[in-house]
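K.L.:
predicted structure and sequence below. I'll ask about it afterward.
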Amino acid sequence: MKIILIVLDGLGDALILALRNKTPLEAAKTPNLDWLARKGVCGLVKPWQMGSSKPASDTCHLALFGYDPKIYYLGRGPYEASGIGMKLKKGDVALRTNFGTVDENLKIIDRRAGRIENTQSLVKAISKIRIKGVNILIKKSYGHRIVLVLRGKDISSAITDGDPHKAGEKVRKIFPICIFGKCGERERGKAEFTAQVLNEFLEKAHHILKNHPLNKKRKKQKLLPANYLLVRGAGEVREIPSFKEKHGLKAGCIAGGGLYKGIGKILGMDLIKVKGATGFADTNLKGKFLTAKKATRSHDFIFLHIKATDSLAEDGNYFGKKEFIERIDKDLKPLLKLKNTLIVVTGDHATCSELKRHCSEPFPILIYCDRIKADTVKAFSEKACKKGKLGRIKQLYLMPKILLYNK
């Protein structure tokens, strides 16, 4: 049997008064998802999270695929780098990076430089910076984002973020840190060297960016200049077991967002392209579902990721989230006729629209195939799935549960 895992990012939510005290999923009209729920088995998923921190997309996806983040998490940087097509080597240290705007005292005015789009000339200018002993690779991601990769001897990902994650604060100098509280002398020396290299690079980049013709032009146009690099999420590339090695299934990944492509690629999944697939609400939903259906001919497992359920909630747009879920429901209809295929629909975490952030609420899951014995659930929602046969599942143990139904 083939498996299609549909992950609706940020699927779950809290009750919203403006939606008649329902979540966006509960308020949405979803006849096709409800049909799958009625014909399948349902439950709730408890997202993976570290201590009191809120669930994160990268670690939740690892847990969803059965990889314990405490063991296999690389740091956000490598997934972002891999997702935009950077060829990584073992030992590389990758960092997520924003073009931001700072004042003369290095206080952050805007973490996204007015959501600048056309940054190619800026990337080209800072790509010429050379730091002795380390090769610094830079590639544009989307909008204001780029990825930095440090390559060389004696470098480490055990460094702090330069991005304070908040406007109005000064950018932070990079310092070495200890991994899980343990740091030998050699590792500390590598981390100190890496911090020194990155601080030097950021200083040189700032000088180039604030004097760049594009930023001078933007200031004349009363637009925010992209004059500083805000770095975070350092991670070191290392080998981990592939999805096929771990689960015995040839996997394909269909996604628009770079992070999710990167996770799939690092886990050894084939990246399957879909024209018009983006990480935004304008994504080609119908194309994604039709491609997933076709891909079951060549792959055992298809990971199909849809991002905008999360993005709309982070913008506080719960009506938009509801309407987007309805679009998903309409466009997934071609999958209902598949035979000998396990269809799984769930999220990676909940995103609470009124809080505009990830939250720890459990979120629903349905598992369907044409020969499964259904439970008593009649609709796909947080409230309805609570009564499902699957019960409440810890996310890390979800993949084994899915595979039980694949026999």
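P.N.:
Yes, it's here.
K.L.:
quick check: buried residues in the lowest-mean-pLDDT helix or strand in the chain?
P.N.:
Every helix and strand of the chain was ranked by mean pLDDT, DSSP states H and E. The lowest is helix 185-210, at a mean of 93. For helix 185-210, the neighbour count (16 or more other Cβ atoms under 10 Å) marks 190-195, 197-198, 201-202, 205-206, 209-210 as buried. Using the backbone N, CA and C atoms, a C-beta is placed for each residue, glycine as well.
K.L.:
show me what secondary structure element comes after it.
P.N.:
helix 213-220 (DSSP states H and E).
K.L.:
if we can go back for a sec, among the buried residues of helix 185-210, which one lies nearest to Tyr142?
P.N.:
Leu209 (18.8 Å; Cβ to Cβ).
K.L.:
so that closest one makes contact with Ile126?
P.N.:
Yes - assessed by Cβ atoms under 8 Å, Leu209 is found in contact with Ile126 at 6.9 Å.
K.L.:
which SSE is the nearest residue to Phe303 once chain neighbours are set aside in?
P.N.:
In space, and not counting its chain neighbours, Phe303 is closest to Cys253: 4.9 Å by Cβ to Cβ, 6 or more residues apart in numbering. Per DSSP H and E, Cys253 falls inside strand 251-254.
K.L.:
ok, that strand: who's next to it in the sheet?
P.N.:
Sheet pairing here is set by DSSP bridges, and for strand 251-254 it gives strand 270-271 (parallel), strand 301-306 (parallel).
K.L.:
Lys46 reaches Ile393, doesn't it?
P.N.:
Yes - between Lys46 and Ile393 a contact is recorded at 6.9 Å, counting by Cβ under 8 Å.
K.L.:
my guess is Arg115 meets Thr101, correct?
P.N.:
No - using Cβ under 8 Å, Arg115 is not in contact with Thr101; the gap is 10.8 Å.
K.L.:
and the two? Which one has more around it.
P.N.:
A direct count of neighbours by other Cβ atoms under 10 Å for Arg115 and Thr101 places Thr101 higher, at 26 against 11.
K.L.:
so that one bridges to which residues?
P.N.:
Residues in beta-bridge contact with Thr101 (DSSP bridges): Asp110.
K.L.:
distance of it from Phe201?
P.N.:
Counting by Cβ to Cβ, to the nearest Å, the separation of Thr101 from Phe201 is 19 Å.
K.L.:
before we move on, what about Asn211?
P.N.:
Asn211 is 16 Å from Phe201, by Cβ to Cβ.
K.L.:
with Ser353 instead?
P.N.:
Distance from Ser353 to Phe201, by Cβ to Cβ: 38 Å.
K.L.:
quick one: low-confidence ranges for the stretch 151-300 of the chain?
P.N.:
Applying pLDDT under 70 to the stretch 151-300 of the chain picks out residues 178-186.
K.L.:
distance between the ends of stretch 4-13?
P.N.:
End-to-end span of stretch 4-13 (Cα to Cα, to the nearest Å): 23 Å.
K.L.:
any buried residues in it, and which?
P.N.:
Ile4, Leu5, Ile6, Val7, Leu8, Asp9, Gly10, Leu11, Gly12, Asp13.
K.L.:
what about the helices in the stretch 101-250 of the chain?
P.N.:
Secondary structure of the stretch 101-250 of the chain (DSSP state H, counting those that start in this stretch): helices located at 120-126, 185-210, 213-220, 243-247.
K.L.:
which of these sits closest to Cys369?
P.N.:
Across the helices of the stretch 101-250 of the chain, closest to Cys369 is helix 243-247 (Cβ to Cβ), at 17.4 Å.
K.L.:
so what touches that closest one?
P.N.:
Phe65, Gly66, Tyr67, Leu249, Lys250, Ala251, Leu267, Gly268, Met269, Phe301, Met399, Leu403 (Cβ atoms under 8 Å, 6 or more residues apart in numbering).
K.L.:
which residues sit in contact with the fifth one?
P.N.:
Lys250 is in contact with Lys244, Asp270, Ser298, His299, Asp300, Phe301, counting by Cβ under 8 Å, 6+ apart.
K.L.:
so which of the residues you listed wins on neighbours?
P.N.:
Phe301 leads the contacts of Lys250 on contacts (other Cβ under 10 Å) with 26 neighbours.
K.L.:
that residue contacts Gly252, correct?
P.N.:
Yes - counting by Cβ under 8 Å, Phe301 does reach Gly252; the two are 7.3 Å apart.
K.L.:
show me the domain layout of this protein.
P.N.:
2-74+241-404, 88-236 (automatic domain parsing).
K.L.:
how near is the residue nearest to Leu62 when sequence neighbours are not counted to Thr97?
P.N.:
Spatial nearest neighbour of Leu62, chain neighbours left out: Pro69 (4.9 Å); criterion: Cβ to Cβ, 6+ apart. Pro69 sits 22 Å away from Thr97, going by Cβ to Cβ.
K.L.:
residues touching the residue lying closest to Lys394 once chain neighbours are set aside, list them.
P.N.:
Nearest residue to Lys394, sequence neighbours excluded (Cβ to Cβ, 6+ apart): Lys46, at 5.2 Å. Listed by Cβ under 8 Å, 6+ apart, the contact set of Lys46 reads Pro362, Arg392, Ile393, Lys394, Gln395.
K.L.:
in a helix, the second one, correct?
P.N.:
Right, Arg392. No - Arg392: not assigned to a helix; according to DSSP: H, G, I helix; E, B strand; the rest coil it is strand.
K.L.:
does it touch Leu44 like I think?
P.N.:
Yes - between Arg392 and Leu44 there is a contact at 4.9 Å, judged by Cβ under 8 Å.
K.L.:
which one's more surrounded, those two?
P.N.:
Higher neighbour count among Arg392 and Leu44: Leu44, with 21 against 12, using other Cβ under 10 Å.
K.L.:
mind checking which helix or strand the more buried one is in?
P.N.:
Going by DSSP H and E, Leu44 is part of strand 41-46.
K.L.:
just checking, next helix/strand downstream of that strand?
P.N.:
Immediately after strand 41-46, counting by DSSP H and E, sits helix 57-64.
K.L.:
moving C-terminal of that following helix, what's the next helix or strand?
P.N.:
Beyond helix 57-64 toward the C-terminal end (DSSP H and E), the next one is helix 69-72.
K.L.:
much appreciated, bye for now.
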